[in-house]
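**Q** The following comprises the amino acid sequence and a computationally predicted model.
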Amino acid sequence: MANDAPQFESWRDDARVWCVGRSWGWRAAVLVFLAWQAIVPFASGERFHVFRGITFGAHEFGHLCFALPGSEWLAVAGGSLMQLLVPAGAAAVMRYYRDWFGVSACGLWLASSFGDLAWYIADARAMDLDLVSFSEEGAEHDWNYLLGKAGLLWQDQTVARLDRFIGFFVLAASVSFGIWLLRAMRRHANAPQAD
């Protein structure tokens, strides 16, 4: 734990340096748009948002990817796992390339993914959602299976609330970080342009 603070300070200092000379105006518009889009799945499980298609693709890819080890439970869980891992991985790539605003944007994608997932989890007992499947047998409800196997099907609403809480936290952290970056860019607006 003692090494965490210096690493955080190093990243914070690097982000400050990154902000020098960067345009904040268009990034502010992008942050507002992406934050609005990230909020959509928390309000409605059916409304379109810009992250939905790529999140769905990541989910379906997760089923295929995690089916390789041969575990049925892992293959079913892999969809939900991958829809969270892909935006988190994208944020790690943005961090590696020192695109700090990209980290914030990927955090908003991750938050929206948690929002989408909450509706799916909450539907585990009712199974009212229309599901998409590439299988001839039809779609199996991932969370009905996962919670059923764990003996926690009756806790679907609680698990969905926990997922939504984590998503709200990621949303708030991503927006806060984005605003912090925009303020740093604005403070250094007169420096030579970096982008």
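**A** Okay, I see it. Numbering: from 1, shown residues only.
**Q** which strands and helices sit next to the top helix by length along the chain?
**A** Taking DSSP state H as the criterion, the chain has its longest helix at helix 156-187. Here helix 156-187 touches helix 4-19, helix 25-43, helix 100-122, helix 142-149, going by 3 or more C-beta pairs under 8 Å, 6 or more residues apart in numbering; DSSP states H and E. Quick note: C-beta positions are derived from backbone N, CA and C, even for glycine.
**Q** tell me which residues of it are tucked away?
**A** 156, 159-160, 163-164, 166-168, 170-171, 174-175, 177-178, 180-182, 184-185 (16 or more other C-beta atoms under 10 Å).
**Q** do stretch 22-42 as well
**A** 22, 24, 27-28, 31, 34-35, 37-42.
**Q** Just name the closest of the residues you listed to S71, please.
**A** P41 (28.5 Å; C-beta to C-beta).
**Q** Check what pLDDT the closest one gets.
**A** The model reports P41 with a pLDDT of 97.
**Q** distance of it from L64?
**A** Using C-beta to C-beta, to the nearest Å, P41 is found at 23 Å from L64.
**Q** average model confidence for stretch 95-111?
**A** Looking at stretch 95-111 alone, the average pLDDT works out to 97.
**Q** right, I mislabeled it, should have said stretch 83-90
**A** Stretch 83-90 comes out at a mean pLDDT of 98.
**Q** Show me which positions of that stretch end up buried.
**A** Buried residues in stretch 83-90, counted by 16+ other C-beta under 10 Å: Q83, L84, L85, V86, P87, A90.
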